[in-house]
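Colleague: My questions are about this predicted structure, shown below with the sequence.
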Protein chains: 2
Amino acid sequence: MSTAEETAGGEVLPWGEVTPEAARRLLVAAVEAFAERGYHATTTRDIAGRAGMSPAALYIHYKTKEELLHRISRIGHEKAVDILRTAARTEGTATERLAEAVGSFVRWHAGMRTTARVVQYELDALGPEARAEILALRRQCDAEVRGIIEDGVEAGEFDVPDVPGTTLAALSLCVDVARWFNVQGSRTPDEVGALYADLVLRMVGAG
Amino acid sequence: MSTAEETAGGEVLPWGEVTPEAARRLLVAAVEAFAERGYHATTTRDIAGRAGMSPAALYIHYKTKEELLHRISRIGHEKAVDILRTAARTEGTATERLAEAVGSFVRWHAGMRTTARVVQYELDALGPEARAEILALRRQCDAEVRGIIEDGVEAGEFDVPDVPGTTLAALSLCVDVARWFNVQGSRTPDEVGALYADLVLRMVGAG
DNA sequence: GCCGTGGGTGAGCGGGCGCTTAGAGTGCCC
DNA sequence: GGGCACTCTAAGCGCCCGCTCACCCACGGC
């Protein structure tokens, strides 16, 4: 569990664990730049400039531009696994746990939209071994949600003909929030989380 | 309605309307390259090479690399609108029409995965006026689906507390298929289409 | 006061980028 | 057969990329 800070923009930054200060500033700048323009369209000069440093400073803290993406991606995925695992292991019925999992996962994708975009959509820019590491974390996400749904089916709370397919669809729905969510839009992360929790409960035939 | 061809890879190509031949070959090469590596990571030399031409040949048929993306994006979105409109205007109950819309839309995103990826995920690489044109087509997609759901609510077939939100979620679910669908995977486009049609009907409380 | 160390800078290297230009090959109308 | 329009190529321009290198400076130990 990491400490968190709040920026002027209002996003909570879970980058407290990244030290030293200059390395964290560079990483936050990279998240913003990657989210806005994409990894390949972002230059190292742009990242350094946003962090108020010269282009060369980046290479004191990170070996390559790809290492920056790798670090962002790993920290982000670890946070995602953490959110789902926490929801899966709370007390309560499968219905309550699934609603909590979807709600908190969606709130994260909406509230931390810049980070989530990088984490979910720039995976292909990583090299093979880094990508494999991240994919393992994704499989953990899938396993947590599938576990809740299986519990609900066994308890007779849910009616799900295709558990793996429904798990995939539920996660897909949550992840795609990072693509369309707009901070200037009319919905808050909490509202989207509540709506999506309800929709996923309908998908599994709860209630 | 455009003619369609079939490649060795098995994907149906709706690029019959693009002429002359060389321009179509370049466009198909660009779709493959953009889908694999992303717009910014794709070079004009790569596109020309896949089409069996020299880099300069590209500029006889297209003014810039961005014009290629714009053409791909517009044709793809027009096809998407066409699919949803056709489903929305068939005879039948709202339940049947929504199932057909989701099923055919998903089949397109799965079967034409390379095209769909470019169309759905490279929007930000377009300039402002091109992006505005594409966004107008997206709003048409949204309107077609929302129309079906509203019909179902009025007819008492559906139970939907938040029509715009549920429309957004249904489209989001379909679109995200392009991100995760794998031709080597265990599901066919038809199977995913059927699964998703069922899930969306559950979301709107049909049946 | 001197030095070592580690975070920082300005300048720039090698290379690949999007795109242009001059000219060659090809088919078609007269 | 000659002129022309169209398609395509070889060569390369100017630019900016990721990254490196030689050097600078603030600071803690003695």
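Modeller: Sure thing, it's come through. All values derive from a computational prediction rather than experimental measurement. Numbers count the residues shown, from 1 in each chain, chains lettered A, B, ... in the order given.

Colleague: do you know how far the most centrally placed residue in chain A is from B:S54?
Modeller: Taking Cα atoms, centre = their mean, the centroid of chain A lies closest to A:A116, which sits 4.3 Å from it. According to Cβ to Cβ, to the nearest Å, A:A116 stands 41 Å off from B:S54. Backbone N, C-alpha and C define where each C-beta goes, glycine included.

Colleague: Ramachandran angles for the residue of chain A most remote from its centre?
Modeller: In terms of distance from the mean C-alpha position of chain A, A:G156 ranks first, at 30.5 Å (Cα atoms, centre = their mean). Dihedral angles of A:G156 (phi, psi; degrees, to the nearest 10) stand at phi 80, psi 10.

Colleague: got it, and A:T93?
Modeller: Backbone torsions for A:T93, taken as degrees, to the nearest 10, come to phi -70, psi 170.

Colleague: count of residues packed around the residue nearest to it when sequence neighbours are not counted?
Modeller: Closest residue in space to A:T93, ignoring its immediate chain neighbours: A:E157 at 6.3 Å, by Cβ to Cβ, 6 or more residues apart in numbering or on different chains. By other Cβ atoms under 10 Å in any protein chain shown, the residues close to A:E157 number 19.

Colleague: One more: A:G147?
Modeller: 18.

Colleague: My guess is it contacts A:A88. True?
Modeller: Yes. Using Cβ atoms under 8 Å, A:G147 makes contact with A:A88 at a distance of 6.0 Å.

Colleague: on contacts alone, who are the packing partners of the top helix by length along chain A?
Modeller: Counting by DSSP state H, the longest helix found in chain A is helix A:128-154. Here helix A:128-154 touches helix A:65-88, helix A:94-111, helix A:163-175, going by 3 or more Cβ pairs under 8 Å, 6 or more residues apart in numbering or on different chains; DSSP states H and E.

Colleague: what does the average pLDDT come to for it?
Modeller: Helix A:128-154 shows a mean pLDDT of 96.

Colleague: Which parts of chain A belong to which domain?
Modeller: A:5-61, A:65-203 (automatic domain parsing).

Colleague: so which of those domains comes closest to DNA strand C?
Modeller: Distance to DNA strand C, taken as Cβ to the nearest atom of the strand, is lowest for domain A:5-61 among these, at 3.0 Å.

Colleague: and that closest one, how far out from the chain's middle?
Modeller: Centre-to-centre, domain A:5-61 and its host chain are 17 Å apart (Cα atoms, centre = their mean, to the nearest Å).

Colleague: Can you point out the buried residues in stretch A:115-130?
Modeller: Buried positions in stretch A:115-130, judged by neighbour count with 16 or more other Cβ atoms under 10 Å in any protein chain shown: A:T115, A:A116, A:R117, A:V118, A:V119, A:Q120, A:Y121, A:E122, A:L123, A:A125, A:L126, A:A130.

Colleague: check contacts around the first one.
Modeller: Applying Cβ atoms under 8 Å, 6 or more residues apart in numbering or on different chains to A:T115 gives the contacts A:E11, A:P14, A:V31, A:A35, A:I72, A:G76.

Colleague: still on that earlier bit, quick check: the residue nearest to A:T93 is in a strand.
Modeller: No. Looking at A:E157 with DSSP: H, G, I helix; E, B strand; the rest coil, it is coil, so not inside a strand.

Colleague: residue contacts, it?
Modeller: A:T93, A:A94, A:T95, A:A206.

Colleague: Got a quick ChimeraX command for the buried subset of those?
Modeller: Those of those that count as buried under 16+ other Cβ under 10 Å are selected in ChimeraX with:
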select /A:94,95,206
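
Colleague: Kindly reformat the contacts of A:E157 as JSON lines containing distance to DNA strand C and pLDDT.
Modeller: JSON lines is the format used below for the contacts of A:E157 (distance: Cβ to the nearest atom of the strand, whole Å; pLDDT from 0 to 100):
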{"residue": "A:T93", "distance to DNA strand C": "50", "pLDDT": "96"}
{"residue": "A:A94", "distance to DNA strand C": "49", "pLDDT": "96"}
{"residue": "A:T95", "distance to DNA strand C": "50", "pLDDT": "97"}
{"residue": "A:A206", "distance to DNA strand C": "49", "pLDDT": "91"}
